[in-house]
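J.: sequence-free structure coming up:
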């Protein structure tokens, strides 16, 4: 992945670190991984596993691109629903047919970090530093099943760039009665968010 060339202005940046370590990553890094991973992994596995992985990466990238659209129509929503179904199918195929053929284990750094955390919580615990096997369980999580609600939610509330859940989570509820006494506008700074409270909201 470090040899992957850049593309566009800040679109695909050069990977200056180990991709497998997954340290100090931003959201754009995961998107860049998804875009460039298909040619990097091509030919590493035997057929038909290689084709399954290629299909998986394509469906994930296709779904991600549709989820990021800033303008949706009835046609794109229907395409999004079909892409979601295809993504679910290929992930289940990957989990049920491809994963059982390979034995995957945690990285040495992950095993060392696990032992360090165990010793920090309980000094009397004897934890083995042997690399533990890791199973693919993404398809058993709530987040995986909730992806099917994306098209319906976008159809009801608009595209994903119209709102930000971070604002809701950082604003602290303040007493409007004490802050709106005779003020035309009260600015409340809570953490990193700024909220404007108008008089008509206080009446």
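T.: That came through fine. Here the structure is a predicted model, which is why all the values come from computation and not from measurement. Numbering: from 1, shown residues only.

J.: mind listing the helices for the protein?
T.: Taking DSSP state H as the test, the helices found in the chain are 27-41, 49-67, 74-93, 108-121, 142-146, 150-157, 165-170, 176-179, 199-202.

J.: what mean pLDDT would you report for the last one?
T.: Read that as helix 199-202. Confidence over helix 199-202 (mean pLDDT, whole number) is 44.

J.: burial measure for the closest residue to residue 131 other than its chain neighbours, as a count.
T.: Sequence neighbours aside, residue 105 is the residue nearest to residue 131 in space, at 4.3 Å (criterion: Cβ to Cβ, 6 or more residues apart in numbering). The C-beta positions use only the backbone N, C-alpha and C, and glycine is treated the same way. Using other Cβ atoms under 10 Å, residue 105 is surrounded by 12 other residues.

J.: can you tell me which residues contact residue 105?
T.: 131, 132, 133, 134 (Cβ atoms under 8 Å, 6 or more residues apart in numbering).

J.: quick one: the last one and residue 111, what's the gap?
T.: For residue 134, the distance to residue 111 under the criterion Cβ to Cβ, to the nearest Å works out to 11 Å.

J.: The two: who's more crowded?
T.: Neighbours around residue 134 and residue 111, counted as other Cβ under 10 Å, are more numerous at residue 111. The numbers are 17 against 12.

J.: what's the closest non-adjacent residue to the more buried one?
T.: In this structure, residue 111 finds its nearest non-sequential neighbour in residue 131, 4.8 Å apart by Cβ to Cβ, 6+ apart.

J.: give me phi/psi at that neighbour?
T.: The phi and psi torsions at residue 131 (degrees, to the nearest 10) take the values phi -70, psi 120.

J.: contacting residues for it?
T.: Counted by Cβ under 8 Å, 6+ apart, residue 131 has contacts 105, 106, 107, 108, 110, 111.

J.: again, only this time at 7 Å
T.: 105, 106, 108, 111 (Cβ atoms under 7 Å, 6 or more residues apart in numbering).

J.: Spit out the contact partners of the second one.
T.: Residue 106 makes contact with 131, 132, 134, according to Cβ under 7 Å, 6+ apart.

J.: roughly how far apart are the second one and residue 114?
T.: For residue 132, the distance to residue 114 (Cβ to Cβ) stands at 8 Å.

J.: quick one: which of these two has more around it?
T.: A count of neighbours by other Cβ under 10 Å puts residue 114 above the other of residue 132 and residue 114, at 16 against 11.

J.: any idea of the pLDDT on that one?
T.: Reported pLDDT at residue 114 in the predicted model: 85.

J.: ok, it to residue 107 distance?
T.: Distance of residue 114 to residue 107, computed by Cβ to Cβ: 10 Å.
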